[in-house]
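> what's the 3D shape of this:
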Amino acid sequence: MLESTFNWIIEQQLLVTTLILGLLILERYSLQWLSANFVYKLWLLVPVSLLLVNLPEHYKPIQNTTISTMLITPDQPLNSHFSVSWAFLYVMVFSVLATIAVMAHKRFINQLKLTPLHNTQLAEQTPNIALLQSHSVNTPMVIGLLRTQLVLPTGYIQKTDSASLALIIEHEKVHIKRRDNLLNMLCLLVTLVFWFNPIAWLGYISFRRLQELSCDEKVLMNKNTQQRILYSKALINCAANTRAGLMAYSHYGDKKTMLQRLKQIKHSGNSSLVAKGALLIFAAGMLSNFATAKQPEAKTDKHAISPIMRIEPVYPIQAAEQGISGSVVLKYDINQAGNTENVSVVNAKPAGVFNREAKRALMKWQYKPSSSGFKDVLVQLDFAIDKHYKSEDLIEKVTVAAK
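Residues are numbered from 1 along each chain as shown. Next comes the predicted model:
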């Protein structure tokens, strides 16, 4: 289980890194044409893409029904290529980071020393929202993941004019309505899972910035220039002593983030429908490719695609020790040079036991060079404790007779 999970995480890095880099570029260079709220919503591409890429292969179309088989037995010396130490190191670092995040959360809550806030006027503006106050905070904030509460600095109402207070409260209400704290917690958890990828950390920071930028847009929708100026001044006051770190709570950002927010306020409402439409079309096409995994059909000849060099997979040591047999169906392409590429698991039984060794061996197979190569070639590798093992076909084949 540990080995298969670790391998899955490693396999997702190219996709995750590419998507996050694209979103970072959009945040850095396109906010003047695309609204911050629009780019913020594009972060949905990350979980949706991961889901589509990891759909069971039997949900995806297979163009080639010709399948060859190969039997693998543990006759060679048992030798695991998987380094348990790397997986152990990964789990240790993840556990340490997760523990730090939980402890920081608990310590912060304990330091707040919350007390109820009773204010009739503010209660009317925030129905169904618990109001609290604390001497330990300098800016308004929303705490809690499922049961959110609004916390104000002690004496904040008396120190702030009513117009500015109304705008800041509206800002926090947007966070509550969207359940941003819960989203932040999920985003932080995914970042901790990919802790070894620096792009994931940059993506987490970008996600938090975009969250505040999109919140600003929500508040300033249909607001006049005077209200925008008043809101900008209120943000600057709130950003003076803001907190950040490995916590799910939204924050007003450091000086660099605040400058970006003030700059974006000037461009708010100037987004381009053409740019948004073009980006949505591109995103839809990308997701469609992930979902269908369709590739151009090529003519195949059963004899023409016999390998000239076939590497036998290593029988996983744990499976051999436990007496486990099984099969893996792989789909792959053969390029013009005769090398295999785009290797993926179509089906496996039992799941996740033989996948890694099967894929690693198949990527080393060699075929005769051809003018066009081949697409969607199928092979079933049967891993058997002894040669008397009878495998079952993992690809359902249906023959339709003409009436």
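> Output the longest helix belonging to this structure.
For the chain, the longest helix by residue count, based on DSSP state H, is helix 84-112.
> which secondary structure elements does that helix contact?
When contacts are defined as 3 or more C-beta pairs under 8 Å, 6 or more residues apart in numbering; DSSP states H and E, helix 84-112 packs onto helix 2-11, helix 180-193. The C-beta positions use only the backbone N, C-alpha and C, and glycine is treated the same way.
> and if we set it to 10 Å?
Packing partners of helix 84-112 (3 or more C-beta pairs under 10 Å, 6 or more residues apart in numbering; DSSP states H and E): helix 2-11, strand 130-134, strand 141-143, helix 180-193.
> I'd like these laid out as a markdown table, including distance to V328 and mean neighbour count.
As requested, these are exported to a markdown table (distance: least, C-beta to C-beta, whole Å; neighbours: other C-beta atoms under 10 Å):
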| stretch | distance to V328 | mean neighbour count |
| --- | --- | --- |
| helix 2-11 | 13 | 15 |
| strand 130-134 | 54 | 18 |
| strand 141-143 | 48 | 22 |
| helix 180-193 | 26 | 18 |
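> related to what we said a few turns ago, partners of the helix or strand following the longest helix of the chain in the sheet?
Per DSSP states H and E, the first helix or strand lying C-terminal to helix 84-112 is strand 115-116. Counting by DSSP bridges, the strands paired with strand 115-116 are strand 130-134 (antiparallel).
> Just the CA atoms of the partner strand, as PDB, please.
What follows is strand 130-134, C-alpha atoms only, in PDB (Å, rounded to 0.1, in the frame of the first residue of the first chain):
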ATOM      1  CA  ALA A 130     -21.200  34.100  15.700                       C
ATOM      2  CA  LEU A 131     -19.400  37.300  16.700                       C
ATOM      3  CA  LEU A 132     -16.400  37.100  18.900                       C
ATOM      4  CA  GLN A 133     -13.600  39.500  20.000                       C
ATOM      5  CA  SER A 134     -10.000  39.100  21.100                       C
END
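> Run the angle between that strand and helix 84-112 for me.
90 degrees (axes from the mean of the first three to the mean of the last three C-alpha atoms, to 10 degrees).
> pLDDT of strand 130-134, averaged?
Mean pLDDT, strand 130-134: 89.
> ditto for stretch 377-386
On average, stretch 377-386 scores 85.
> Centre of the chain to it, how far?
32 Å (C-alpha atoms, centre = their mean, to the nearest Å).
> Of all the helices and strands packed on helix 84-112, which one comes closest to Q336?
Q336 sits nearest to helix 2-11 of all the helices and strands packed on helix 84-112, at 25.8 Å, using C-beta to C-beta.
> Give me the residues contacting the closest one.
16, 53-54, 80, 82-84, 86-88, 90-91, 94, 193-194, 196-197, 316, 318, 351-353, 355-356, 359 (C-beta atoms under 10 Å, 6 or more residues apart in numbering).
> Need the CA coordinates for it. PDB is fine.
Extracted in PDB, the C-alpha atoms of helix 2-11 (Å, rounded to 0.1, in the frame of the first residue of the first chain):
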ATOM      1  CA  LEU A   2       2.800   2.400   0.900                       C
ATOM      2  CA  GLU A   3       4.700   1.600  -2.300                       C
ATOM      3  CA  SER A   4       1.700   2.000  -4.600                       C
ATOM      4  CA  THR A   5       0.700   5.300  -2.900                       C
ATOM      5  CA  PHE A   6       4.200   6.700  -3.100                       C
ATOM      6  CA  ASN A   7       4.500   5.700  -6.800                       C
ATOM      7  CA  TRP A   8       1.100   7.300  -7.500                       C
ATOM      8  CA  ILE A   9       2.200  10.600  -6.000                       C
ATOM      9  CA  ILE A  10       5.400  10.600  -8.000                       C
ATOM     10  CA  GLU A  11       3.500   9.900 -11.200                       C
END
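> before we move on, back to that, can the helices and strands packed on helix 84-112 go into a markdown table with extra columns for distance to L202?
A markdown table is the format used below for those (distance: least, C-beta to C-beta, whole Å):
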| stretch | distance to L202 |
| --- | --- |
| helix 2-11 | 18 |
| strand 130-134 | 32 |
| strand 141-143 | 24 |
| helix 180-193 | 10 |
